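Engineer: okay, predicted coordinates and the sequence, questions at the end:
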Amino acid sequence: MAHPKTRSRTRRFATLAAAATAAAAVVSVPTAAHAEPVLRVNYPVNGTTAIKATGSTMTLGPGTLESSLDLGTGDLSGSLKMPPAKGEFKQWGVIPVSVTTTLIENGPTTGKVDLQTGQVTSTSKVTLKLSDMKVAGIPMPVGDNCKTKTPATINLTSGPDWNVLNGGTLSGTYTIPDFEHCLLATPLINLTVPGPDNTITLKLGAATVPPAVAEQLRKIG
């Protein structure tokens with residue numbers, strides 16, 4: 001049986017698997033120098049994001065989070081696979097606007113756990129791409145490359161409801177950069193959408209793992 005201190009550390013590190021909210025691909029962490037293995041766990045993901053500038057909320061998902069966690073170092077990486085999200089708002093509070101937003105991952109998510117408090121934090125880089133825009137029901141062409149000029153930085157923190165087997169909540173804030181390559185719609189979009197203090201909440205469902213890993217997690221508790 002593992003020493004209580006080791007089991008406690010492993011339990012805390014396992015929570016870090018939830019913090020991989022967006023990444024280009026699962027990154028393997030070298031294990032030769034560590035006694036602990038790399039743990040790979042998948043979660044179903046749903047969520048919402050509130051855009052402050054437009055006063056609107058978009059539903060995210062359903063998607064899948066594939067995470068990879070080094071139980072020896074606490075380092076993690078992951079891949080968040082989400083479908084395009086449809087959003088609606090009213091320009092100047094009057095004109096209805098609808099648009100589809102796709103989140104494009106820019107490199108691996110990085111994350112760490114505070115060994116004193118157990119709190120999990122992560123940082124992800126995501127480009128927002130817009131398509132299928134309509135203003136007052138009339139299609140407004142935005143081209144095939146209407147994206148933020150730079151990736152948005154999304155910082156997330158695990159909530160008190162988090163459990164490595166049952167999932168839980170991740171939440172945070174981010175700033176939406178200006179957009180480019182949106183044809184004639186570029187000025188309208190940059191007048192309306194970019195800005196700080198946007199919020200995002202992700203709800204992770206129960207983990208899907210190989211039987212051997214599931215048994216390991218049950219022992220962790």
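Structural biologist: All right, it came through fine. Numbering: from 1, shown residues only.
Engineer: and the helices in this protein?
Structural biologist: Here the chain has its helices, by DSSP state H, at 4-15, 186-192, 211-220.
Engineer: CA atoms only: put the shortest one into PDB for me.
Structural biologist: Same thing as helix 186-192. The C-alpha trace of helix 186-192 is given here as PDB (Å, rounded to 0.1, in the frame of the first residue of the first chain):
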ATOM      1  CA  THR A 186     -14.100  44.000 -40.000                       C
ATOM      2  CA  PRO A 187     -15.000  47.500 -38.700                       C
ATOM      3  CA  LEU A 188     -18.400  46.300 -37.400                       C
ATOM      4  CA  ILE A 189     -16.900  43.300 -35.700                       C
ATOM      5  CA  ASN A 190     -14.100  45.300 -34.100                       C
ATOM      6  CA  LEU A 191     -16.500  47.900 -32.900                       C
ATOM      7  CA  THR A 192     -18.700  45.300 -31.300                       C
END
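Engineer: starting at the chain centroid, how far to it?
Structural biologist: Helix 186-192 sits 25 Å away from the centroid of its parent chain (Cα atoms, centre = their mean, to the nearest Å).
Engineer: run through who's touching it.
Structural biologist: For helix 186-192, contacts defined as Cβ atoms under 8 Å, 6 or more residues apart in numbering pick out 53-54, 89, 91, 97, 130, 135, 140, 142, 146, 178-180, 182. From N, CA and C alone the C-beta is placed, and that goes for glycine too.
Engineer: which positions in that helix come out as buried?
Structural biologist: Thr186, Leu188, Ile189, Thr192 (16 or more other Cβ atoms under 10 Å).
Engineer: before we move on, back to that, for PyMOL, what selects the buried ones among the contacts of helix 186-192?
Structural biologist: Written as a PyMOL command, the selection of buried residues from the contacts of helix 186-192, which uses 16+ other Cβ under 10 Å, is:
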select buried, resi 54+89+97+130+140+142+146+179+182
